[in-house]
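Peer 1: fold the stuff below for me.
(one chain, ligands or ions: 1)
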Amino acid sequence: MLGLMQDHPLLISGLIVHAERHHPTQEVVSRRVEGDIHRTTYAAIAHRSRQLAQALDRLGIAAGERVATLAWNGYRHLELYYGVSGSGRVLHTLNPRLHPEQLAWIINHADDRLLFVDATFLPLIKAVAPHCPQLKAVVLLADAAPGDALPLPLLAYETLLAAESGDYRWPSFDERTASSLCYTSGTTGNPKGVLYSHRSSLLHTFAAALPDSLSCSARDVILPVVPMFHVNAWGLPYVGPMVGAKMVLPGPGLDGKSLYELFESEGVTLSAGVPTVWQGLLAHVDAEGKKFSTMRRTVVGGSACPPAMKARFENDYGVEVVHAWGMTEISPLGTVSSLKSSHAQLPASARFDLQAKQGRVVFGVDMRIVDPQGKEIAWDGSTSGELQVRGPWIVSQYFRLDAPAPLVDGWFPTGDAATIDAEGYMQITDRIKDVVKSGGEWISSIDVENVAMSHPDVASAACIGAVHPKWDERPVLLYVAKAGKSPTPEAILAHYEGRVAKWQIPDMAIAVEALPLGATGKVLKNKLRDTYGRFLVDGAPTNPATPARST
Ligand code: ADP
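Peer 2: All right, here's what the predicted structure looks like:
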């Protein structure tokens with residue numbers, strides 16, 4: 001039809017082309033594996049991404065083939081984001097915290113052809129690579145590579161790039177072409193691959209940058225703590241070049257001290273990560289009596305942000321917490337907790353409570369909650385049901401999984417239980433399989449944990465449903481004390497009095513040294529159930545071989 005707009009495909013290469021043209025001198029700062037600080041610009045990243053694309057041509061990697069990474073957040077990883085996807089290959093970001101056997105399984109399932117690794121992970125690759133026969137070579141993200149470290153060719157990234165001119169035109173192709181691949185972290189069974197397209201990634205990037213989403217601009221200095229191997233660092237490696245923000249990439253140093261130093265030295269304004277990372281940061285600034293001089297906002301997601309953590313950030317440090325919900329299958333952005341103008345009149349405590357929810361959808365995502373029969377539930381803010389979502393950056397089918405599409409009438413069932421209030425604010429009450437089913441009533445493990453976390457001496461907490469002879473399951477709380485504190489189980493349980501209904505108070509609180517964390521920093525509740533799931537019956541940790549409730 002005459003008069004329509006130009007038909008430019010939405011391609012990931014477009015982001016780095018834009019950054020090179022309009023923000024060429026904007027900085028990308030990385031803490032390298034070696035510990036030093038590396039500084040570069042979008043112009044240099046763009047040039048080196050093109051060199052990388054040429055190197056992939058030379059290595060004979062065809063369009064659509066998978067190129068994997070096992071790397072921290074750093075400038076070379078950013079170049080891979082653009083060089084691999086931009087040239088039409090598929091970037092497969094692997095999670096190095098997975099077990100070697102699981103990694104080999106994923107590499108083989110994805111049929112990865114090349115693997116780019118940080119030096120930190122060379123020992124891991126020595127264990128994994130022999131089990132991955134279709135890998136052509138491993139590329140070390142370094143100046144040089146040791147000769148005979150692996151049973152397959154080990155190349156050096158800088159040598160590969162140095163052989164190329166960077167005189168390369170990004171190819172144009174259908175925006176529905178695959179761009180990148182991420183496997184779910186496997187907390188709910190075998191990892192499943194989610195294949196993103198250029199179109200889904202670009203639309204997601206626009207949505208993520210919006211003021212009521214992550215709110216990113218050219219004036220921001222963005223430090224993604226969330227790893228670039230965890231759902232594309234929630235889209236931030238794309239958002240940065242799109243808006244022209246300075247990027248600060250922390251490498252392997254994710255402890256409170258290293259992060260704090262980087263926040264301060266680079267003037268970071270915006271960050272994003274899972275609650276466990278922020279616990280470490282808050283413990284550090286608390287202990288050292290530090291303040292943030294530039295940090296304005298942090299996005300917390302991946303698991304529920306305890307209101308106590310939000311309050312500490314906001315009241316003690318003046319850092320706004322933006323609570324967000326998402327998952328690998330939805331790229332990951334689903335909802336964000338930002339207020340509407342009508343909320344300006346609310347008392348501060350009501351605004352706080354609203355923002356402590358997981359929030360409302362960004363345009364592009366639609367959601368609903370359904371009962372066990374699949375019937376839609378009203379948005380009354382209290383009735384919970386399974387959360388379902390749909391939209392252009394939500395999975396339709398898992399990658400190479402010989403199973404029916406997971407969709408129900410076009411909606412993706414998330415496995416999360418949630419309420420939605422009349423204004424469209426969603427609150428995750430629990431993962432459906434983590435809900436404690438006590439005598440026909442459901443107790444939200446998140447609610448139980450949030451109360452424990454509001455105790456001044458508790459650093460972290462997890463609640464599981466333990467088998468109970470009368471009630472089927474009853475809540476058992478595992479808690480980790482803050483450094484130098486040792487609250488008793490009785491004191492923790494007393495803290496629940498008046499804060500929740502009596503029947504929601506855990507039957508038992510158990511102090512533990514640490515909670516088991518999965519590959520993306522989330523508490524492994526299935527592991528806790530294996531150990532403590534029969535505590536109320538047997539009165540002692542269970543033999544791990546006889547799990548109380550399978551997952
Ligand atoms: P996995 O499901 O393998 O852990 P994801 O990283 O994709 O991998 O996790 C998505 C899940 O994380 C969601 O389904 C939800 O249960 C949980 N989640 C993410 N963000 C939040 C949040 N803000 N509050 C509560 N749960 C969250």
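
Peer 1: phi, psi of residue 158?
Peer 2: Main-chain dihedrals, residue 158, degrees, to the nearest 10: phi -70, psi -30.

Peer 1: how close does it sit to the ligand?
Peer 2: Using Cβ to the nearest ligand atom, to the nearest Å, we find residue 158 at a distance of 32 Å from the ligand. For glycine as for every other residue, the C-beta is placed from the backbone atoms N, C-alpha and C.

Peer 1: that residue against residue 142, yeah?
Peer 2: Yes. With contact defined as Cβ atoms under 8 Å, residue 158 reaches residue 142; the gap is 6.9 Å.

Peer 1: now do the one helix or strand in the chain whose mean pLDDT sits lowest: distance to the chain's middle.
Peer 2: Least confident helix or strand of the chain, by mean pLDDT, DSSP states H and E, is helix 535-538 with a mean of 85. Centroid separation between helix 535-538 and its chain, computed with Cα atoms, centre = their mean, to the nearest Å, is 34 Å.

Peer 1: can you list the buried residues in that helix?
Peer 2: In terms of neighbour count (16 or more other Cβ atoms under 10 Å), helix 535-538 has its buried residues at 535-536.

Peer 1: tell me the helices and strands packed up against that helix.
Peer 2: Secondary-structure packing of helix 535-538 (3 or more Cβ pairs under 8 Å, 6 or more residues apart in numbering; DSSP states H and E): strand 458-468, strand 472-481, strand 508-511.

Peer 1: state the mean pLDDT of the first one.
Peer 2: When pLDDT is averaged along strand 458-468, the result is 95.

Peer 1: and what of stretch 421-434?
Peer 2: For stretch 421-434, mean pLDDT rounds to 96.

Peer 1: can you list contacts of it?
Peer 2: Contacts with stretch 421-434, where a contact means Cβ atoms under 8 Å, 6 or more residues apart in numbering, come from 188, 304, 325, 335, 337, 340, 354, 357-361, 367, 379-381, 384, 386-387, 415-420, 435, 442, 444-447, 464-465, 525, 551.

Peer 1: and the residue of the stretch 1-150 of the chain found nearest the ligand, what is it in contact with?
Peer 2: The nearest approach of the stretch 1-150 of the chain to the ligand comes at residue 95, 9.9 Å away (Cβ to the nearest ligand atom). Applying Cβ under 8 Å, 6+ apart, we find residue 95 in contact with 103, 183, 185, 227, 229-230, 519-520.

Peer 1: tell me how far it lies from residue 267.
Peer 2: As judged by Cβ to Cβ, to the nearest Å, residue 95 and residue 267 stand 30 Å apart.

Peer 1: before we move on, back to that, take the contacts of stretch 421-434 and keep only those in helices.
Peer 2: Secondary structure from DSSP state H places 354, 445-447, 525 of the contacts of stretch 421-434 in helices.

Peer 1: Serialize the contacts of residue 95 to TSV and add fields for neighbour count, secondary structure and distance to residue 454.
Peer 2: Formatted as TSV, the contacts of residue 95 follow (neighbours: other Cβ atoms under 10 Å; DSSP: H, G, I helix; E, B strand; the rest coil; distance: Cβ to Cβ, whole Å):
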residue	neighbour count	secondary structure	distance to residue 454
103	28	helix	38
183	26	strand	35
185	21	coil	27
227	27	coil	29
229	26	coil	32
230	24	coil	27
519	21	coil	28
520	22	coil	25
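
Peer 1: least confident of these?
Peer 2: Minimum pLDDT for these is recorded at residue 185 (70).

Peer 1: ok, and the closest non-adjacent residue to it?
Peer 2: Distance criterion Cβ to Cβ, 6 or more residues apart in numbering; nearest residue to residue 185, sequence neighbours excluded, is residue 520 at 4.4 Å.

Peer 1: surely the one you found touches residue 274?
Peer 2: Yes. Counting by Cβ under 8 Å, residue 274 is a contact partner of residue 520 at 6.8 Å.

Peer 1: okay, and the common contacts of the two?
Peer 2: Contact criterion Cβ under 8 Å, 6+ apart; residues bridging residue 520 and residue 274 by contacting each: residue 302.

Peer 1: helix, strand or coil for the residue of the stretch 1-150 of the chain closest to the ligand?
Peer 2: coil (DSSP: H, G, I helix; E, B strand; the rest coil).

Peer 1: near the ligand, which residues of this structure? Just list them.
Peer 2: By the rule Cβ under 6 Å from any ligand atom, the part of the chain lying against the ligand is 184-188, 301-304, 323-328, 358, 414-416, 428, 431, 520, 522.

Peer 1: so which of those belong to strands?
Peer 2: With strands defined by DSSP state E, the entries of these inside them are 323-326, 414-416, 428, 431.

Peer 1: would you mind putting those into CSV with distance to residue 2 and neighbour count alongside?
Peer 2: Listed next are these as CSV, based on distance: Cβ to Cβ, whole Å; neighbours: other Cβ atoms under 10 Å:
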residue, distance to residue 2, neighbour count
323, 47, 24
324, 42, 25
325, 44, 29
326, 41, 25
414, 43, 24
415, 48, 15
416, 47, 23
428, 48, 21
431, 52, 19
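
Peer 1: what's the closest of the residues you listed to residue 484?
Peer 2: Of all these, residue 484 sits closest to residue 323, with 28.9 Å by Cβ to Cβ.

Peer 1: what's the local residue count around the nearest residue to the closest one once chain neighbours are set aside?
Peer 2: Of all residues beyond its chain neighbours, the one nearest residue 323 is residue 337 (4.2 Å), with distances taken as Cβ to Cβ, 6+ apart. A count of nearby residues for residue 337, using other Cβ atoms under 10 Å, gives 25.

Peer 1: quick one, phi/psi of residue 337?
Peer 2: As for residue 337, its main-chain torsions (degrees, to the nearest 10) stand at phi -90, psi 80.

Peer 1: would you confirm that it contacts residue 353?
Peer 2: No. Judged on Cβ under 8 Å, residue 337 makes no contact with residue 353 at a distance of 10.3 Å.

Peer 1: residues in contact with the residue nearest to residue 323?
Peer 2: Contacts of residue 337 by Cβ under 8 Å, 6+ apart are 322-324, 354-360, 425.

Peer 1: closest to residue 510 among those?
Peer 2: Using Cβ to Cβ, those come closest to residue 510 at residue 356, 26.4 Å.

Peer 1: residue 463 contacts residue 474, doesn't it?
Peer 2: No. If you go by Cβ under 8 Å, residue 463 and residue 474 don't touch, sitting 10.4 Å apart.
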